[in-house]
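> Sequence and computational prediction follow.
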Protein chains: 2
Amino acid sequence: MAPKIATFFLRFLLLCSAGVWAQAYDPSKQLSVGIILFPGFQPLDVIGPLDIIMMLSASHNISLAMIGKEEGIVPGPSPPRRNEPPTAYPVRGPSIVATHSFVDAPKLDILLAPGGMGLRVLDENKDTWIQDFIASRYDELQYLVSVCTGAASLAQSGVLKGRRATTNKASWAWATQFGEGVNWVPTARWTEDGKVWTSSGVSAGIDMTYALFKRLMGAEAANRIMNAIEYTPHLNEHWDPFSLVHKVPGADASQQLGECVGPAGFEFKCS
Amino acid sequence: MAPKIATFFLRFLLLCSAGVWAQAYDPSKQLSVGIILFPGFQPLDVIGPLDIIMMLSASHNISLAMIGKEEGIVPGPSPPRRNEPPTAYPVRGPSIVATHSFVDAPKLDILLAPGGMGLRVLDENKDTWIQDFIASRYDELQYLVSVCTGAASLAQSGVLKGRRATTNKASWAWATQFGEGVNWVPTARWTEDGKVWTSSGVSAGIDMTYALFKRLMGAEAANRIMNAIEYTPHLNEHWDPFSLVHKVPGADASQQLGECVGPAGFEFKCS
């Protein structure tokens, strides 16, 4: 009998390590995703992750709430900064529709907070709707996710206390001034601490989103999407050359600036 | 005198090869950019390039027209296909605002045509507004650019006759059925043929846009943006592992699936 039990446990461990556990995700189970929008959001912070979510939604039961301060059109360009000179030319960006306000947003499983220059305007104006919304929804979430300076909103909400987090390396000083007791990680493409995932700047959000949905829905589904959108993800959350490019204090100076990337789920090398 | 002339020409050649020529771009010169939108556009086809353009617009005089069939909100999700079964679940996507209709769009220097499932619906419905718009604006353009299956719109417009082009490798058969005399390149991250640039699927549009603006505005401006958005561009337009992943006929089977990438403008290696 003992060998049979040992064999059972061995097979169990093998199944777990092969990620079969994650692949048991039920595509018919509704997953409620919310993405925060504000004037002056960084477009790719929102659309990088959302393109992956959109592609997954064809085969998985996903609902989506685009959440603004009010429902309706959210301007891409940021309102002017209070004490900063204007840019040389007007910043152009896309305006996206908020399907919900923070007041009527549905119950959420995943909430994503993007970055963007508009966060600085909200901070200057002491407009706390985003941080308040994050704090009010934190308990119900399966994952709380930030891209780029969206980590500042998480820090302001108080949920990063005692947690590891990262943010855009070009805006490091600004974003990391917020929050108490946050363990800001200077060299990270993204961080994971419990249910809170934070990515470095803009396009790092795509890599983090891939890693998150691979964990949640399994490698087959996540890899299929990455190859459909022809994106070669960075797989190592500790690789972060931009911490050196932008001279972040405490950055790992021993790391390699380059990384070998290729199609998700394939073996590849760079020689 | 002869040595002086020789020195002058040598310095001239060195300046050209160092890209100083491209860096002579005048940031105050207005550059008019248009991006086509339709229901069921692929979000990252639009926002990948647009995020770069947005970042450049702070320091360069860029105007932006988001061009729909009508002005106003363009739904992200595609209308249903005529003869195809619906997806298992409703596809979720962002709705973006068209600032102009094709009738009132301004004079353009750069026109970008994105891909997306909605193009198939337009084709099924014999709605030719996009191809007609491209054909009508072709002569005025400095660059005509497509991302992903947006190359189908270029082919349908007739402007690809006798030209090299590429498209999404997962939708190769669908997109390459259009146009006459198009030299479809099966292994290409992007192609450049005169003023017509076409990229492979979705995220390849980011690499192409970087290459294009590096050419147009110089390496300093383009590299600064890539590092701000923490994107490590693929620099080799002939690298295309997705032509093998998606088994495109005629794909270069000898190529390496992986590529070493790193911060733009920095020396890096993958060892």
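It's in.
> dump the residue contacts of the closest residue to residue A:270 other than its chain neighbours.
Distance criterion C-beta to C-beta, 6 or more residues apart in numbering or on different chains; nearest residue to residue A:270, sequence neighbours excluded, is residue A:260 at 3.7 Å. Heads up, the C-betas are built off the backbone N, CA and C, glycines and all. With contacts defined as C-beta atoms under 8 Å, 6 or more residues apart in numbering or on different chains, the neighbours of residue A:260 are A:268-270, B:258-261, B:270.
> before we move on, what about residue A:124?
A:81-83.
> and residue A:97, that's in a helix?
No. Looking at residue A:97 with DSSP: H, G, I helix; E, B strand; the rest coil, it is strand, so not inside a helix.
> That one touches residue B:94, doesn't it?
Yes. Using C-beta atoms under 8 Å, residue A:97 and residue B:94 qualify as a contacting pair, with a distance of 7.1 Å.
> one step back: state the mean pLDDT of the helix or strand the residue nearest to residue A:270 falls within.
Taking DSSP states H and E as the criterion, the element that holds residue A:260 is strand A:259-261. Confidence over strand A:259-261, taken as the mean pLDDT, stands at 97.
> now it: how far from the chain's centre is it?
Going by C-alpha atoms, centre = their mean, to the nearest Å, the spacing between the C-alpha centre of strand A:259-261 and its chain's C-alpha centre is 21 Å.
> strands paired with that strand, and their directions?
For strand A:259-261, sheet partners with direction are given as strand B:259-261 (antiparallel), following DSSP bridges.
> where do the strands sit along chain A?
Taking DSSP state E as the criterion, chain A contains strands spanning A:31-36, A:62-68, A:72-74, A:96-98, A:100-101, A:110-113, A:143-146, A:164-165, A:183-184, A:190-193, A:196-199, A:259-261.
> The first one: partners in the sheet, and parallel or antiparallel?
For strand A:31-36, sheet partners with direction are given as strand A:62-68 (parallel), strand A:110-113 (parallel), following DSSP bridges.
> And residue A:97 and residue B:94? Which one has more around it.
residue B:94 (27 against 19; other C-beta atoms under 10 Å in any protein chain shown).
> from what I can see that one touches residue A:65, true?
No. If you go by C-beta under 8 Å, residue B:94 and residue A:65 don't touch, sitting 11.4 Å apart.
> Show me the common contact partners of those two, please.
Shared contacts of residue B:94 and residue A:65, counting by C-beta under 8 Å, 6+ apart, come down to nothing at all.
> who wins for neighbours among the contacts of residue A:124?
residue A:81 (15 neighbours).
> contacting residues for that residue?
Taking C-beta under 8 Å, 6+ apart, one finds A:117, A:120-121, A:124 in contact with residue A:81.
> Sitting in helices, which of these do you find?
Among these, DSSP state H puts A:120-121, A:124 in helices.
> now those residues as CSV including pLDDT?
Output for these, formatted as CSV (pLDDT from 0 to 100):
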residue, pLDDT
A:120, 97
A:121, 96
A:124, 96
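> From these, pick the one nearest residue B:250.
Proximity to residue B:250 was ranked across the ones in helices among the contacts of residue A:81 by C-beta to C-beta; first place goes to residue A:120, at 50.1 Å.
> quick revisit: point out the most buried one among the strands of chain A.
Ranked by average neighbour count under the criterion mean count of other C-beta atoms under 10 Å in any protein chain shown, the strands of chain A are headed by strand A:196-199 at a mean of 28.
> partners of that one in the sheet?
Strand A:196-199 has these strand partners (DSSP bridges): strand A:143-146 (parallel), strand A:190-193 (antiparallel).
> so which of those comes closest to residue B:108?
That would be, of the strands paired with strand A:196-199 and by C-beta to C-beta, strand A:143-146, which comes in at 36.0 Å.
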